[in-house]
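1. Model the structure of this input:
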Amino acid sequence: MNISDELFSASDAEIDDAIKYSSPMVLRGLLYQLTGDTDVFAMPPGTSTKFGTGKEMANEADADLIKAKAAAYLKKLRDSGADEIDIGPEGRLHKSLSLTAGHDIPEHELHIWQEEAAFDRWARGVRWKGGKPPRGAGNFKVAVIGTGITGLNVAVQLKRAGIPFVVIEKNPEVGGSWYENRYPGARVDTSSRGYTHLFSYDYPYKHSYCPRDENLEYFKWVADNFSVREDIQFNTEVVSMDWGDESGIWTLKAQGPSGPRVFEVNAVISCVGFLSRPQLPDIEGMDSFAGDAFHTATWPEGVEIKGKRVAVIGSGASGYQTTPVIAESAAHTFLFQRKPNWCIEDETYVKKLPPQALWLDRNFPFYSNYVRFRIGALINPDTSKPAIMVDPDFDDPHTLSPLNKATRDMCVGFIKRKLASRPDLIEKMTPNFPPMASRPIRVDSDNSLFDALLRDNVSLVTDSIEKITPTGIVAGGVEHELDVITFATGFKANDYLWPMEVRGRGGLRIEDAWAKDGPRGYLGAMVPEFPNLFMCYGPNSNNFGGFTVVDLLELVAQFSLRCIAGLIENNQSRVEVSHDGYWRFASILDEMESKMIYMDPRANNYYQHGGRSCVNGPIDIRRMWRWLNDPAGTPPAENDAGLRPYFGEDLLAR
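-> Residues are numbered from 1 along each chain as shown. Below is the predicted model of the structure:
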């Protein structure tokens, strides 16, 4: 890693000031890795969690000492005049990562955690056996559908691997959901430093949790910085995909700016996501409303809400995010809520990162790597499981495990603290299902929906909506006069690949392949009778198995890319999953899912569909990492529940 000129010109005071904003737990491991300082061994970690609660170090004096050591290290590095620095002895990595994690990492998992730290930013791409693309790579073309976080990842990896491809995007710009969702208050609820591609782990985000515009800027930067924009067909929507049994070719029909288009490719990687098609409710009189009415995902450019009477229908993430922002300028805001959702407070949620924190990212060697690793460590599978899985021996009327109860107590305490002056709202804002049975909503400690509900110009309406009239909404027999209605009513989350018409071997429709019990995918990616079709963010890929959602998306993309690379290297043309492998994975997934809190019948949301979840991925990400790693390589001897995701076994390649 190169040492920045900025560090060479920094004064002692600038370094000392920046270090004040550092993470002691990040420094705990990083200092040992870079210097071998064993004093940090005796400094016990604190109780900080994925929700940002608790303190990092058990003793403040230890935190101060670590920061003092870090400042001294940076000053010494500055004064050394060195141009670059490496990560240090490989033998220290196990201990240094364990120190930052706050717990010992098993030796056999070290390679997974090193990958998560992004020491090799290209670790989740194609690995050619000869180090370069074989001769046949130029004859195998791939279609990528969508330019959200996964579509851009796939495009960048294909370009780097030297495999021809085309990206098809229905919008005029990259970003997927982050392009479409421009409603006021739209913001990511995953730590932004964990919401980047592995190859861009050090992107200089300005917020801990970035607003929509900053996320979109990142997506644009990826497209431009890695030169994939030229490979994207914008304003072009895929209408159908048909597999040719004889030709071994996928034919994609699309509608573009100049009319119909046809693409013929050897493989398709669908990256359309599952939260991309808005879901509108069926309410009497919806078409009669005389004012502006729209879904949050189709928020019109230039719509005016200042001084207007605005209704927000829905209590999911978009409804809870947009209501406080709308209330700042609307004459009156009405939140129509059928059922409340759990909110997790975070002191940093809407606040900018201090410039000193960004200075550390730029100037402290490998600091960004250890920050990324720390995020993963806080949501590692061993820590996450007690919060999301049912404890059959735990007896409580409201929750399903000791940690689930602790989470509920924390959330209820937040509600009572924020709404202390309005006890009538406390019950209305307390869900009747366990936390994690629906998607929890991260909110700022000081600026959230709860603060908005205390405003004179905000009303919470919990009566059922009876109808919409030309002038407003009738609920509980009362008509609320309105100028604007926004539907924060979610997405068609369980309609995977819809509205595309997808036909595989023998003309089999994808809907018929999923007729038994809804959408499924082998490792979230493949369906029998659909050769060379891969799905990223496919069924059961909404990660509940540890690390971030983006980690699982990248691993599934990696699997898809390495299947394609395996075909090219083996001079083969097609690969599909066997029916036996498909249903063997389904049984593993269903068995894990039966233990998950999100299957609690008291919740009613997109997590459940027809008695199961088609969206959530309950399997430990360490197992998924092993299964998704090397499909065309030499199969290992060890067996995990009979699943064998390798060419010649579960994967039929020819």
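2. Check the gap between the residue positioned nearest the centre of the chain and Gly648 for me.
-> Centroid-nearest residue in the chain, with CA atoms, centre = their mean: Val549, separated by 3.6 Å. From Val549 over to Gly648 the distance is 31 Å, taken as CB to CB, to the nearest Å. The C-beta positions use only the backbone N, C-alpha and C, and glycine is treated the same way.
3. ok, now which ones touch Glu109?
-> Neighbouring residues of Glu109 by CB atoms under 8 Å, 6 or more residues apart in numbering: Arg622.
4. Please read the previous query as pertaining to Asp361.
-> Residues in contact with Asp361 (CB under 8 Å, 6+ apart) are 202, 204, 367-368, 371.
5. and if you look at Val239?
-> Residues in contact with Val239 (CB under 8 Å, 6+ apart) are 253-255, 500-501.
6. are any of those residues buried, and which?
-> Buried members of the contacts of Val239, counted by 16 or more other CB atoms under 10 Å: 254, 500.
7. can you name the two of the contacts of Val239 that are farthest apart?
-> Gln255 and Glu501 (12.7 Å; CB to CB).
8. quick one: Ile473 from Glu284, how far?
-> From Ile473 over to Glu284 the distance is 11 Å, taken as CB to CB.
9. Hmm, I typed the wrong one, I wanted Ser445.
-> Separation of Ser445 from Glu284 (CB to CB): 40 Å.
10. Settle it for me: which of these two has more neighbours?
-> Ser445 (18 against 12; other CB atoms under 10 Å).
11. The stretch 51-200 of the chain: helices as residue ranges?
-> Secondary structure of the stretch 51-200 of the chain by DSSP state H, counting those that start in this stretch: the helices cover 60-80, 93-101, 110-116, 149-161, 177-180.
12. for the last one, packing partners?
-> This means helix 177-180. helix 212-225 (3 or more CB pairs under 8 Å, 6 or more residues apart in numbering; DSSP states H and E).
13. and the helix it packs on, how far out from the chain's middle?
-> Distance of helix 212-225 from its chain centroid, counting by CA atoms, centre = their mean, to the nearest Å, is 16 Å.
14. okay, and for this protein, where does confidence drop off?
-> Scanning the chain for pLDDT under 70 picks out 48-54.
15. related to what we said a few turns ago, mind putting the helices of the stretch 51-200 of the chain into JSON lines with mean neighbour count and distance to Asn605?
-> Putting those into JSON lines (neighbours: other CB atoms under 10 Å; distance: least, CB to CB, whole Å) gives the following:
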{"stretch": "helix 60-80", "mean neighbour count": "17", "distance to Asn605": "40"}
{"stretch": "helix 93-101", "mean neighbour count": "22", "distance to Asn605": "32"}
{"stretch": "helix 110-116", "mean neighbour count": "19", "distance to Asn605": "29"}
{"stretch": "helix 149-161", "mean neighbour count": "25", "distance to Asn605": "23"}
{"stretch": "helix 177-180", "mean neighbour count": "21", "distance to Asn605": "18"}
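16. Could you export those as JSON lines, including distance to Ile441?
-> Formatted as JSON lines, the helices of the stretch 51-200 of the chain follow (distance: least, CB to CB, whole Å):
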{"stretch": "helix 60-80", "distance to Ile441": "30"}
{"stretch": "helix 93-101", "distance to Ile441": "27"}
{"stretch": "helix 110-116", "distance to Ile441": "26"}
{"stretch": "helix 149-161", "distance to Ile441": "20"}
{"stretch": "helix 177-180", "distance to Ile441": "16"}
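17. just the buried members of the contacts of Asp361?
-> Buried among those (16+ other CB under 10 Å): 202, 367-368, 371.
18. taking these one by one, which sit in helices?
-> Within the buried ones among the contacts of Asp361, residues falling in helices by DSSP state H are 367-368, 371.
19. Tabulate those residues (a markdown table), appending distance to Ile19.
-> Compiled in a markdown table, those are given as follows (distance: CB to CB, whole Å):
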| residue | distance to Ile19 |
| --- | --- |
| Tyr367 | 11 |
| Ser368 | 15 |
| Val371 | 14 |
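20. if we can go back for a sec, mind putting the buried ones among the contacts of Asp361 in a markdown table, distance to His111 included?
-> Formatted as a markdown table, these follow (distance: CB to CB, whole Å):
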| residue | distance to His111 |
| --- | --- |
| Asp202 | 21 |
| Tyr367 | 22 |
| Ser368 | 20 |
| Val371 | 20 |
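21. what does stretch 218-231 contact?
-> 147-149, 152, 155-156, 159, 165-167, 173-176, 178-179, 196-197, 199-200, 203, 205, 210, 232.
22. let's see it at 10 Å
-> Stretch 218-231 has contacts (CB atoms under 10 Å, 6 or more residues apart in numbering) with 144, 147-149, 151-160, 164-167, 169, 173-176, 178-179, 192, 195-197, 199-200, 203-205, 210, 232.
23. What segments of the stretch 101-250 of the chain are strands?
-> Ranges of strands in the stretch 101-250 of the chain, per DSSP state E, counting those that start in this stretch, are 142-145, 165-168, 232-233, 237-243, 250-256.
24. What segments of the stretch 401-550 of the chain are helices?
-> Counting by DSSP H, counting those that start in this stretch, the stretch 401-550 of the chain has helices at residues 402-418, 423-428, 449-453, 510-513, 549-569.
25. Now do the shortest one: which elements does it pack against?
-> Right, helix 510-513. strand 501-503 (3 or more CB pairs under 10 Å, 6 or more residues apart in numbering; DSSP states H and E).
26. run the last query once more with 7 Å
-> Using 3 or more CB pairs under 7 Å, 6 or more residues apart in numbering; DSSP states H and E, no helix or strand is in contact with helix 510-513.
27. how far does it sit from the chain's center?
-> Helix 510-513 sits 27 Å away from the centroid of its parent chain (CA atoms, centre = their mean).
28. same deal with the third one?
-> In terms of CA atoms, centre = their mean, the centre of helix 449-453 is set 26 Å apart from its chain centre.
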